[in-house]
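1. just coords:
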């Protein structure tokens, strides 16, 4: 059996499109409470995770759907005076301006040779987190004068605790 793939161009699927939009609105409403809380507590920016869920779950989510949700969240964050970050997801950096994203938080771009894509798309407004010596070395040797790069332990342990690691270029 072939898996169902939503095609928004099919007119007969207008009711389905409406259901998806309603669900997206409900999800955004929940996440917007988190954005509001961050603004109320004096945070300057918001960075949601799982923007790349369409890659891990392609049967259930498309890149366009992920971007549509992100646009709702960005609008709320900007209304509250917060900058909004894209976390990883090199596949969507080309759309960062149309989505309204202000900067990027990127894990392992040195490791995977993706720092340049993010640096260009976000005009060097990129925070890089590397978890390996090799990735840190690659990122630092090529990007330390343009990007903020830090090596952290995979568990992001608290300072002073066992396993804590934090190094910069």
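-> That came through fine. The structure presented is a predicted model; accordingly, all values stated were derived computationally and were not measured.

2. Select the longest helix from the protein.
-> If you go by DSSP state H, the chain has its longest helix at helix 14-40.

3. how about it: buried residues?
-> Buried residues in helix 14-40, counted by 16 or more other CB atoms under 10 Å: 20, 24, 28, 31, 32, 35, 38, 39. Glycine gets a C-beta too; all of them are placed from N, C-alpha and C.

4. Just confirm residue 103 contacts residue 44, I think it does.
-> No - with contact defined as CB atoms under 8 Å, residue 103 does not count as touching residue 44 (10.7 Å).

5. Quick check: which helices or strands does the longest helix of the chain pack against?
-> When contacts are defined as 3 or more CB pairs under 8 Å, 6 or more residues apart in numbering; DSSP states H and E, helix 14-40 sits against strand 45-46, helix 63-79.

6. how about the ones you listed in TSV, adding mean pLDDT, mean neighbour count and distance to residue 152?
-> TSV is the format used below for those (pLDDT from 0 to 100; neighbours: other CB atoms under 10 Å; distance: least, CB to CB, whole Å):
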stretch	mean pLDDT	mean neighbour count	distance to residue 152
strand 45-46	96	18	18
helix 63-79	95	18	25
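
7. Who does residue 45 form a beta bridge with?
-> Assessed by DSSP bridges, residue 45 has beta-bridge partners residue 83.

8. from what I can see it touches residue 82, true?
-> Yes - between residue 45 and residue 82 there is a contact at 5.6 Å, judged by CB under 8 Å.

9. low pLDDT regions in the protein?
-> For the chain, the stretches flagged by pLDDT under 70 are 1-20.

10. let's go with 80 and repeat that
-> 1-21 (pLDDT under 80).

11. about what we covered before: mind putting the buried residues of helix 14-40 into CSV with distance to residue 115?
-> Output for these, formatted as CSV (distance: CB to CB, whole Å):
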residue, distance to residue 115
20, 34
24, 31
28, 30
31, 28
32, 31
35, 28
38, 27
39, 30
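
12. which ones are touching residue 168?
-> Taking CB atoms under 8 Å, 6 or more residues apart in numbering as the criterion, residue 168 is in contact with 149, 150, 151.

13. Kind regards, and thank you for your time.
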